[in-house]
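[1] build me a structure from this.
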Amino acid sequence: MNLLVFEYASAMGIKDPALTAEGKAMLRGLTCDLECIPASYLISKHIDAIEGSECQPIIIGETVEDWVSSNISNFDYCLPVAPEEDFILCGLTRLIEKNGVRVIGSDSDAVRICSDKYLTYNLLKDNVPTIPTYRIPWDEVELHARNISHNKVVKPADGVSCSAVQVVDSETSFKDAATRVRAVSSLPYFLMQDYVEGTSASVSLISNGKEALPLSLNQQNISHQDGIMDYNGGKVPLSHPMENEAISVAKTAVESINGLKGYIGVDLILGEEEVHLVEINSRITTPYVALRNMLNFNLGEAVVNAVVHGELPGKFVLEREIEIQKKDNRLHLKVIN
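    Below is the predicted model:
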């Protein structure tokens with residue numbers, strides 16, 4: 001198997017650790033897991049290659065898009081990890097598909113749906129419990145700002161992680177949040193959601209395109225300061241009274257979108273009596289770096305087998321509990337049990 005892996009930030013040479021800590025950790029985990037194939041991986045000439053990996057680094061000096069356009073046809077398969085913002089992951093997935101290379105991940109149409117949270121909401125609102133979501137065009141900011149009287153969440157429709165996500169409760173905070181969103185999103189609209197109390201969580205799954213296998217429920221450590229949300233890590237797995245419901249909602253959501261394959265992360269809010277779906281990430285997500293150290297099988301190899309052969313792992317166990325700590329723009333794993 002001639003497989004190429006890349007993680008967008010490290011392949012682009014982005015050096016801001018606030019943006020690259022999670023990406024580099026995911027790339028390191030993937031290259032270790034895929035030594036059995038083995039895979040090649042892209043790395044910018046401005047970034048150090050992954051130490052201790054037997055996967056072959058391909059050092060590049062141009063943009064990922066330019067390199068992929070010129071060289072991807074030399075590979076049979078490609079596993080991309082890239083952000084949803086500005087539809088970067090969608091564009092790269094379509095480029096890979098256009099060149100006749102099979103993606104170890106979701107189809108571009110599925111990535112497109114998951115990259116726009118409003119499309120995801122509209123598609124899933126009748127299938128799983130979702131959070132009421134409203135699309136706000138930029139020319140209607142003043143109109144909606146006047147009607148803010150209690151907590152709402154303002155966010156980019158194409159955002160990644162907690163970028164520009166803010167809880168607002170007044171006309172002023174709504175306008176400030178809209179300004180923050182406009183700085184990071186190229187879409188002609190943004191989203192406003194009802195604010196739902198509960199535990200921030202995610203479910204990690206592997207899908208073969210027909211059936212999704214939930215691997216773990218994960219805690220998300222999200223802080224609020226002046227209404228601004230920030231992701232600070234989490235814990236894998238999370239024990240919660242709504243665990244079974246959360247896993248069921250995530251599995252149903254993934255299986256409701258045609259073309260979702262490979263590793264997928266589903267973000268949720270766990271209330272006392274109900275689970276609400278927040279969004280779907282059609283790519284490797286941060287809990288991967290912990291899960292690969294906990295499962296009794298090779299997670300990277302399992303992702304490949306799910307897409308290429310349609311095979312999902314059988315009975316499995318999580319062998320420990322790991323806390324993911326994001327401190328000083330670095331990602332740390334702490335074994336709890």
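[2] quick one: low-confidence ranges for the protein?
    Residue ranges of the chain with pLDDT under 70: 18-19, 328-329.
[3] biggest strand in it by residues?
    strand 212-225 (DSSP state E).
[4] list the buried ones in that strand?
    Within strand 212-225, the residues scored as buried using 16 or more other CB atoms under 10 Å are 212-220, 222. Where you see a C-beta, it was placed from the backbone N, CA and C, and this is true even at glycine.
[5] do stretch 222-241 as well
    Neighbour-count burial for stretch 222-241, counted by 16+ other CB under 10 Å, picks out 222, 227, 229, 231, 233-238, 240.
[6] same check, this time on stretch 131-138
    So, applying 16+ other CB under 10 Å, buried residues of stretch 131-138: 131, 133, 135-136.
[7] tell me the one of those nearest Lys327?
    Of all the buried residues of stretch 131-138, Lys327 sits closest to Ile131, with 29.5 Å by CB to CB.
[8] ok, that closest one to Tyr231 distance?
    For Ile131, the distance to Tyr231 equals 18 Å [CB to CB, to the nearest Å].
[9] what segments of the stretch 51-200 of the chain are helices?
    Using DSSP state H, counting those that start in this stretch, the helices of the stretch 51-200 of the chain run over 64-71, 88-98, 108-115, 117-124, 141-145, 171-184.
[10] mind putting these into JSON lines with distance to Ser40?
    Below are the helices of the stretch 51-200 of the chain laid out as JSON lines (distance: least, CB to CB, whole Å):
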{"stretch": "helix 64-71", "distance to Ser40": "10"}
{"stretch": "helix 88-98", "distance to Ser40": "14"}
{"stretch": "helix 108-115", "distance to Ser40": "22"}
{"stretch": "helix 117-124", "distance to Ser40": "32"}
{"stretch": "helix 141-145", "distance to Ser40": "46"}
{"stretch": "helix 171-184", "distance to Ser40": "32"}
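[11] which of these sits most buried?
    Greatest average neighbour count among those goes to helix 108-115 (a mean of 23), per mean count of other CB atoms under 10 Å.
[12] what comes into contact with that helix?
    Under the contact criterion CB atoms under 8 Å, 6 or more residues apart in numbering, helix 108-115 has outside partners 84, 87, 89-90, 93-94, 97, 105-106, 119-120, 123, 158, 257-261, 279-283.
[13] just stretch 184-191 next, same as before
    Outside stretch 184-191, the residues that reach it (CB under 8 Å, 6+ apart) are 85-86, 116-118, 133-138, 154-159, 163-164, 178, 181-182.
[14] likewise stretch 315-322?
    Contacts of stretch 315-322 (CB under 8 Å, 6+ apart): 215-216, 235-237, 290-291, 293-297, 333-337.
[15] ok, of these, which come out buried?
    By 16+ other CB under 10 Å, the contacts of stretch 315-322 give 215-216, 235-237, 290-291, 293-295 as buried.
[16] just the ones of the residues you listed in helices?
    Members of these lying in helices (criterion: DSSP state H): 290-291.
[17] out of the buried residues of stretch 222-241, flag the one nearest to Ile72.
    The closest of those to Ile72 turns out to be Tyr231 (CB to CB; 30.7 Å).
[18] burial measure for the closest residue to Pro156 other than its chain neighbours, as a count.
    Sequence neighbours aside, Ser185 is the residue nearest to Pro156 in space, at 4.0 Å (criterion: CB to CB, 6 or more residues apart in numbering). Residues lying near Ser185 (other CB atoms under 10 Å) number 21.
[19] show me what contacts the closest residue to Asn232 other than its chain neighbours?
    Excluding its sequence neighbours, the residue lying closest to Asn232 (CB to CB, 6+ apart) is Asn221, at 4.5 Å. Contact analysis of Asn221 by CB under 8 Å, 6+ apart lists 200, 231-235, 324, 326.
[20] export these as TSV, with columns for distance to Val101.
    Converted to TSV, the contacts of Asn221 look like this (distance: CB to CB, whole Å):
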residue	distance to Val101
Ser200	36
Tyr231	31
Asn232	36
Gly233	34
Gly234	33
Lys235	36
Ile324	32
Lys326	33
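[21] just these: which are in strands?
    Those of the contacts of Asn221 lying in strands (DSSP E): 200, 231-235, 324, 326.
[22] centroid residue for the chain?
    Closest to where the C-alpha atoms of the chain average out (CA atoms, centre = their mean) is Asn281, at 3.7 Å.
[23] any idea what the nearest residue to that residue once chain neighbours are set aside is bridged to?
    Among residues not flanking Asn281 along the chain, Gly265 sits closest, at 4.1 Å (CB to CB, 6+ apart). On the basis of DSSP bridges, Gly265 is bridged to Ser204, Asn281.
[24] now swap in the one 5 residues further on and tell me
    Taking DSSP bridges, one obtains Thr199, Val275 as the residues bridged to Leu270.
[25] residues near it, how many?
    Leu270: 23 surrounding residues under other CB under 10 Å.
[26] before we move on, the earlier item: now, the contacts of stretch 184-191 that are in strands?
    133-137, 154-155.
[27] verify the stated contact: the residue nearest to Asn281 with Ile280.
    Yes: taking contacts as CB atoms under 8 Å, Gly265 lies within contact range of Ile280: 7.4 Å.
[28] give me the more crowded residue out of those two.
    Between Gly265 and Ile280, counted using other CB under 10 Å, the more crowded position is Ile280 (29 against 22).
[29] nice, that's everything, thank you.
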